[in-house]
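*Asks:* Prediction below, plus the sequence it came from.
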Amino acid sequence: MKKCLFVLSLLILTACSNNTIADSENISGTCDDPKIKGNLTTYNGEKIYHVPGGQFYDKTIAEEMFCTEEDAEAAGYRKSMR
């Protein structure tokens, strides 16, 4: 249980130290309506981006939004495998 709380605390600290989706700084590119969702995995912090129509797109709560896949990859994200 202590390990779970530590991991959860670490994730919260990471999320709080990073900008949230509400911050316009996280919107990459110049489009008016970014559709690509970037988020960190809960188990290892890996950066993954999701495109509309992807299996997890509707379930993903974005920590960053991008206009293009190239923008997401330039920010260190990889495309979701599903």
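*Replies:* Sure thing, it's come through.

*Asks:* Could you pull out the helices in the chain for me?
*Replies:* In the chain, the helices defined using DSSP state H lie at 2-17, 69-74.

*Asks:* Going by mean pLDDT, which of those comes out lowest?
*Replies:* Sorting these by mean pLDDT places helix 2-17 lowest, at a mean of 41.

*Asks:* Pretty sure N39 sits against E46.
*Replies:* No - taking CB atoms under 8 Å as the definition, N39 is not a contact partner of E46, at 9.7 Å. Heads up, the C-betas are built off the backbone N, CA and C, glycines and all.

*Asks:* These two - which one has more neighbours?
*Replies:* N39 (20 against 12; other CB atoms under 10 Å).

*Asks:* beta partners of the more buried one?
*Replies:* I48 (DSSP bridges).

*Asks:* tell me the contacts of it?
*Replies:* For N39, the contacting residues are K47, I48, Y49, H50, T60, I61, A62, E63, E64, by CB atoms under 8 Å, 6 or more residues apart in numbering.

*Asks:* again, but for Y77
*Replies:* G38, K47, I48, Y49, E64, F66.

*Asks:* Could you rerun that using 6 Å?
*Replies:* G38, K47, Y49 (CB atoms under 6 Å, 6 or more residues apart in numbering).

*Asks:* What distance do you get for it to G54?
*Replies:* 13 Å (CB to CB, to the nearest Å).

*Asks:* Repeat that for G76.
*Replies:* 19 Å.

*Asks:* same question, L40
*Replies:* Taking CB to CB, one finds L40 at 16 Å from G54.

*Asks:* can you check R78 too?
*Replies:* On the measure of CB to CB, R78 and G54 end up 13 Å apart.
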